[in-house]
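**Q** Please work out how this folds:
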Amino acid sequence: MNNPKNYPIQKSEAEWREELGEKRYHILREKGTEFPRTGEYNLHFENGTYTCGACHTPLFTSDNKFQSNCGWPSFDDALDGAIEYVKDTSHGMIRTEVLCANCGSHLGHVFDDGPSETGQRYCINSLSMNFKKED
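**A** Residues are numbered from 1 along each chain as shown. As a prediction, the model looks like this:
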């Protein structure tokens, strides 16, 4: 990942690769994307918190998750300060990429077509998250 910003959590790409494994490394550090409808959390609706798959920072709560039928886990809002927003002009599109604000890992994208009052649809790769079930 070639990002000049200094994040609170800093590791070498070799350290990230060793820690995350190939699939998660590809998504989180190389800005990869899962195939639609294949992710563990796509149709997951337990109560709890979704955390960064790299550094475990809380990102989203289950209260903000909804079924969007887009093929990826979708949320209408993120936890305050958890997300960094970056203009993404790859693949001939203009989108807003979302990164973990704590480690800079790629999570997915956010779109302005959400069904709730926020109007947001955070489209997030399952491999970029972990889930902590609410007790």
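**Q** give me the low-pLDDT residue ranges for the protein?
**A** By pLDDT under 70, the low-scoring segments of the chain are 1-4.
**Q** Backbone dihedrals for the most centrally placed residue in the chain, please?
**A** In the chain, the centroid-proximal residue (CA atoms, centre = their mean) is Leu107; its distance is 2.5 Å. When read as degrees, to the nearest 10, the backbone of Leu107 gives phi -110, psi -40.
**Q** Quick one: residues contacting it.
**A** Leu28, Cys52, Leu59, Ile83, Val98, Leu99, Cys100, Tyr122, Ile124, Asn125, Ser128, Met129 (CB atoms under 8 Å, 6 or more residues apart in numbering). From N, CA and C alone the C-beta is placed, and that goes for glycine too.
**Q** Any figure for the gap between it and Ala78?
**A** 9 Å (CB to CB, to the nearest Å).
**Q** list residues touching both of these two?
**A** Leu59, Val98, Tyr122.
**Q** so what strands line up beside the strand or helix carrying the first one?
**A** Think Leu59. If you go by DSSP states H and E, Leu59 is part of strand 58-61. Strand 58-61 has its sheet partners listed here by DSSP bridges as strand 48-52 (antiparallel).
**Q** Alpha carbons only: can I get the partner strand in CSV?
**A** In CSV, the C-alpha atoms belonging to strand 48-52 read as follows (Å, rounded to 0.1, in the frame of the first residue of the first chain):
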residue,chain,number,x,y,z
GLY,A,48,-22.5,-6.3,18.0
THR,A,49,-19.7,-4.3,16.6
TYR,A,50,-17.8,-4.7,13.3
THR,A,51,-14.1,-3.9,13.7
CYS,A,52,-11.2,-3.4,11.3
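**Q** so what's Glu134 up against?
**A** Per CB under 8 Å, 6+ apart, neighbours of Glu134: Glu46, Asn47, Gly48, Thr49, Ser62.
**Q** Between which two of the residues you listed is the distance greatest?
**A** For these, the maximum inter-member distance is 10.4 Å, found between Glu46 and Thr49 (CB to CB).
**Q** Those two: who's more crowded?
**A** A side-by-side neighbour count of Glu46 and Thr49, using other CB atoms under 10 Å, places Thr49 first with 17 against 11.
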